[in-house]
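**Student:** The following comprises the amino acid sequence and a computationally predicted model.
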Amino acid sequence: MKLVIVESPTKMKTITNFLDKNFKVAASYGHIRDLPKSRLGIDVNNNFEPQYIIPMKARKTVSQLKKLASKADEVLLATDPDREGEAIAYHLTEALKLDDQSYQRIVFHEITKSAILEALQNPQKINFDLVNAQQARRILDRLVGYELSPLLWKKVLKGLSAGRVQSPALRLIVEREKERNNFQPQIYYSLNGIFSPLKKEKIEIKAELFKTNDHLLKQLDLKDKEEGEKIKADIVRGENKILTIQEKPIKRQPLPPFTTSTLQQTAYQLFKFSAKKTMTLAQLLYEGKNIDNKMTGLITYMRTDSFNISPLALSAAYEFIKKQFGPQYTLEKPRIFKSRSRLAQEAHEAIRPTDPFNTPEKIKPFLSPDEFKLYQLIWSRFIASQMPEAIFSQKNLVIETKSNQNYFFKNTSSALLFDGFLKVYPFLKFEENLLPANLKEGLPLRIKKINLEEHSTQPPSRFNDASLIKTLEKYGIGRPSTYAPIISILLERGYVSRDQNKSFFPNEIGIIVNDLLVKHFPNIVDYQFTSQLEEDLDLIAQGKKQWQKVIKDFYFPFKEQITKKETELEKETIAPITRLEEKCPKCGKNLVSRLGRYGRFLACEDWPNCPYTKSINQETSIPCPLCKKGQVVIKRSKRGKQFYACSEWPNCQFASFNEPLAENCPICQSYLVKTKKKIKCSNKDCSYERPL
């Protein structure tokens, strides 16, 4: 009997379908060894030797695996094809006491019969460069957490922690919020018009002013409304004609198949899936779904930074496209995408369907609605990447108005000539914008309407899942497996929250922690320093750097800084306590404002001897829509989620996650609420709604 060990029971069920009775498949349920929680677990004076233990929750699993391994002729370690999976395989050999002769390592990037059988034909040993890279990351993160977190407990607030890659991400969010707070909007104006050929007033050409004389207008060129009105009046007096009409074909190329980061970004942009949700759904699709009573892996491994596609997959895509859409939708040779990252692991593949013939509609009955959305996105993106470009006819029309000055307006229209990859990728939106036919250069026009429109510059947007991941990738912070955990940890620690649009804003505690790190531990939040450490980890994985030296170069200067700041920093200067005139209703002493995980709260100055506390709620000017006596205040749940309630609580039970408005529904007179995309009636039985 041969024992195959994988991480999860779902993966175990899927692989069991492909193997005969000579194989037994078992699951390790993730890591079976780790650093201890109760102590550092790293001997910093002995070349940073890690002191691994088998956690209590894994001991039963290890015992069962030992029994199975003792009866097996050979053990096959089939964990995931990345550093984490390689480390799990290594820890299995240690926990199960497997020598080099009693185990083999098999690697595959999709859970299909052909991939499993091919892996069995090409067994290998554990790649210790990958193990060392994962081990180095784990040790670095443990050293930062165990050394820096106690300092935050003493100097800021009990229960805080700091992470090596989470801290730069927090800095990005805090600095963006400060940019928004300091932003000064500027007013500017633009002009556009509606033109018609003489004697053909039903024909309308909409165009925007883009040039005066020889000066191309920039966004902020026209800041004065009075000047804009003068230009408008001058244009109205002028003579107009079509100066030029230029038509040319425009080709639109398909996007490459997904990597981890681009999948997370696109799933957020289209479906508002958090990075964590996207990875959870992708994991389910990768490990296998029950399709017609058979467990089937639907996508390739979902943690990757490579655009590479195997020749077999390219051939399968070609056959599907030819059969489904005809030869005009096939390519003469496969389209190859080059990875932008010089450290991308080209041995990996991009995320793609395991079988192009498993179309989304075919397997829709076997998936949840969200699984279907993600699978359709992955499938469509891959198939589209191997189809011809879409071809548009673009027509650029310029209108000249001669008056005291020469003014030039432009209109750009397009028509689809050949849909190409857009036939299967419905997520790229385009609208055909057709100009009237029979327009010619030199054709005189009359002005039907000129509009002077006022605009205001907008502050930079808050980061959301997509833009934060894109920025982290740009700076080289984190890797495919870390983006979702980075975001989850920041939310769980209460350093950041989400607004109504699911974008991130820093809480007061997050701002304080960030400012402390920026001032006193600049390397921890320095983007370039963090990126360099990530590159060092990549070089360890390639066998080009020694992991102990990377940790040594980081740790000892960091430890020296920690020791220095323990005596220098004063808690009162970092998170000051504000004393108030208000008295404690329990003991009569003064109340003070203290810092908590989700902001400030009121507490007795004799706290914790006197346990009295009171939340500080942010008031609004909106009267309570339920009792009409109190006002709506903004509160936070125990998990830190923002909601709206009445200031008269508990006498009034009003509470809502949607922002109530001081306006009633025109249909049923219930109060209106503001959601992410619209204003609607709070009455579930009423259909009234309108756009924001």
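**Tutor:** Nice, I can see it.
**Student:** Count the neighbours of Asp214 for me.
**Tutor:** Using other C-beta atoms under 10 Å, Asp214 has 7 other residues around it. (Each C-beta comes from the backbone N, C-alpha and C, glycine too.)
**Student:** So Tyr286: helix, strand or coil?
**Tutor:** Three-state assignment for Tyr286 (DSSP: H, G, I helix; E, B strand; the rest coil): helix.
**Student:** nope, Lys429 is what I meant
**Tutor:** Under three-state DSSP, the three-state class of Lys429 is coil.
**Student:** The stretch 551-692 of the chain: helices as residue ranges?
**Tutor:** Remark: helices assigned in the stretch 551-692 of the chain by DSSP state H, counting those that start in this stretch are 571-574.
**Student:** got any ranges where it has weak pLDDT?
**Tutor:** Across the stretch 551-692 of the chain, the ranges flagged by pLDDT under 70 are 598, 617, 638-640.
**Student:** now do 80
**Tutor:** Along the stretch 551-692 of the chain, the parts satisfying pLDDT under 80 run over 571-573, 575-579, 581, 595-600, 614-621, 636-642, 676-677, 692.
**Student:** May I see the buried residues of stretch 10-26?
**Tutor:** Neighbour-count burial for stretch 10-26, with 16 or more other C-beta atoms under 10 Å as criterion, is recorded at 10-15, 18-19, 23-26.
**Student:** Export those to TSV and append columns for pLDDT and secondary structure.
**Tutor:** TSV is the format used below for the buried residues of stretch 10-26 (pLDDT from 0 to 100; DSSP: H, G, I helix; E, B strand; the rest coil):
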residue	pLDDT	secondary structure
Thr10	94	helix
Lys11	95	helix
Met12	96	helix
Lys13	94	helix
Thr14	95	helix
Ile15	96	helix
Phe18	94	coil
Leu19	94	coil
Phe23	96	strand
Lys24	97	strand
Val25	97	strand
Ala26	97	strand
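**Student:** From those residues, pick the one nearest Ile540.
**Tutor:** Among these, Lys11 lies closest to Ile540 (C-beta to C-beta), at 27.2 Å.
**Student:** Nearest spatial neighbour of the closest one, chain-adjacent residues omitted?
**Tutor:** What sits nearest to Lys11 in space, not counting adjacent residues and going by C-beta to C-beta, 6 or more residues apart in numbering, is Glu287, at 4.5 Å.
**Student:** Give the burial count for that neighbour, as a bare number.
**Tutor:** The local packing of Glu287 (other C-beta under 10 Å) involves 23 other residues.
**Student:** List the residues that contact it.
**Tutor:** 8, 10-11, 14, 111, 297 (C-beta atoms under 8 Å, 6 or more residues apart in numbering).
**Student:** Could you find which two of these are furthest from each other?
**Tutor:** Using C-beta to C-beta for every pair in the contacts of Glu287, the one that comes out farthest apart is Ser8 and Gly297, at 11.9 Å.
**Student:** Helices along the stretch 51-200 of the chain, start to end?
**Tutor:** Using DSSP H, counting those that start in this stretch, the helices of the stretch 51-200 of the chain run over 56-71, 83-95, 113-121, 128-155, 166-182.
**Student:** Would you point to the one among the ones you listed that's packed deepest?
**Tutor:** helix 83-95 (a mean of 22; mean count of other C-beta atoms under 10 Å).
**Student:** For that helix, what does the pLDDT average out to?
**Tutor:** The average pLDDT within helix 83-95 is 96.
**Student:** can you put the buried residues of stretch 10-26 in TSV and add distance to Thr244?
**Tutor:** Shown next, in TSV, are the buried residues of stretch 10-26 (distance: C-beta to C-beta, whole Å):
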residue	distance to Thr244
Thr10	62
Lys11	62
Met12	67
Lys13	65
Thr14	61
Ile15	64
Phe18	64
Leu19	69
Phe23	72
Lys24	75
Val25	69
Ala26	72
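**Student:** Look up how far Ile235 lies from the residue lying farthest from the centre of the chain.
**Tutor:** In the chain, Lys199 marks the outermost C-alpha relative to the chain mean, sitting 54.4 Å out by C-alpha atoms, centre = their mean. Note on Lys199: its distance to Ile235, by C-beta to C-beta, to the nearest Å, is 21 Å.
**Student:** got the contact list for the helix or strand encompassing Ala466?
**Tutor:** Assigned by DSSP states H and E, Ala466 belongs to helix 465-475. Under the criterion C-beta under 8 Å, 6+ apart, residues 168-169, 172-173, 261, 264-266, 268-269, 273-275, 461, 463, 478, 483, 486-487, 502, 504, 527-528, 530-531 lie in contact with helix 465-475.
**Student:** which residues does the closest residue to Pro9 other than its chain neighbours bridge with?
**Tutor:** Counting by C-beta to C-beta, 6+ apart, Pro9 lies nearest to Ala27, which is 4.8 Å off, once chain neighbours are set aside. When bridges are called by DSSP bridges, Ala27 pairs up with Val6.
**Student:** could I have stretch 189-202 exported to PDB, CA atoms only?
**Tutor:** The C-alpha atoms that make up stretch 189-202 are tabulated as PDB, following Å, rounded to 0.1, in the frame of the first residue of the first chain:
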ATOM      1  CA  TYR A 189     -14.700  74.500 -15.700                       C
ATOM      2  CA  SER A 190     -15.200  72.800 -19.000                       C
ATOM      3  CA  LEU A 191     -17.200  73.600 -22.100                       C
ATOM      4  CA  ASN A 192     -19.100  71.200 -24.400                       C
ATOM      5  CA  GLY A 193     -21.600  71.700 -27.100                       C
ATOM      6  CA  ILE A 194     -24.300  70.200 -29.300                       C
ATOM      7  CA  PHE A 195     -23.900  70.900 -33.000                       C
ATOM      8  CA  SER A 196     -26.200  70.300 -35.900                       C
ATOM      9  CA  PRO A 197     -25.700  70.500 -39.700                       C
ATOM     10  CA  LEU A 198     -27.700  73.400 -41.200                       C
ATOM     11  CA  LYS A 199     -31.200  72.400 -42.200                       C
ATOM     12  CA  LYS A 200     -30.800  69.000 -40.400                       C
ATOM     13  CA  GLU A 201     -31.600  69.900 -36.800                       C
ATOM     14  CA  LYS A 202     -32.500  66.400 -35.800                       C
END
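**Student:** now it, how far from the chain's geometric center?
**Tutor:** 44 Å (C-alpha atoms, centre = their mean, to the nearest Å).
**Student:** mean confidence for it?
**Tutor:** Averaged across stretch 189-202, the pLDDT comes to 91.
**Student:** do you know how far Leu284 is from Trp153?
**Tutor:** Distance, Leu284 to Trp153, by C-beta to C-beta: 38 Å.
**Student:** Ends of stretch 669-678, what's the gap?
**Tutor:** End-to-end distance of stretch 669-678 (C-alpha to C-alpha, to the nearest Å): 18 Å.
**Student:** Skip the chain neighbours and tell me the closest residue to Glu147.
**Tutor:** Nearest to Glu147 is Ile562, by C-beta to C-beta, 6+ apart, at 5.1 Å.
**Student:** For burial, what's the neighbour tally of the one you found?
**Tutor:** Ile562: 16 neighbours (other C-beta under 10 Å).
**Student:** The closest residue to Glu648 other than its chain neighbours: what's it in contact with?
**Tutor:** In space, Glu648 comes closest to Gly630 once its chain neighbours are excluded; the distance is 3.5 Å by C-beta to C-beta, 6+ apart. Shown in contact with Gly630 (C-beta under 8 Å, 6+ apart): 623-624, 646-649, 652, 654.
**Student:** what's the most distant pair in these?
**Tutor:** Pro623 and Trp649 (14.5 Å).
**Student:** which parts of the helix holding Ala466 are buried?
**Tutor:** 465-473, 475.
**Student:** nearest to Arg137, of the residues you listed?
**Tutor:** Leu472 (15.4 Å).
**Student:** how close does that closest one sit to Met387?
**Tutor:** Where Met387 is concerned, Leu472 sits at a distance of 31 Å (C-beta to C-beta).
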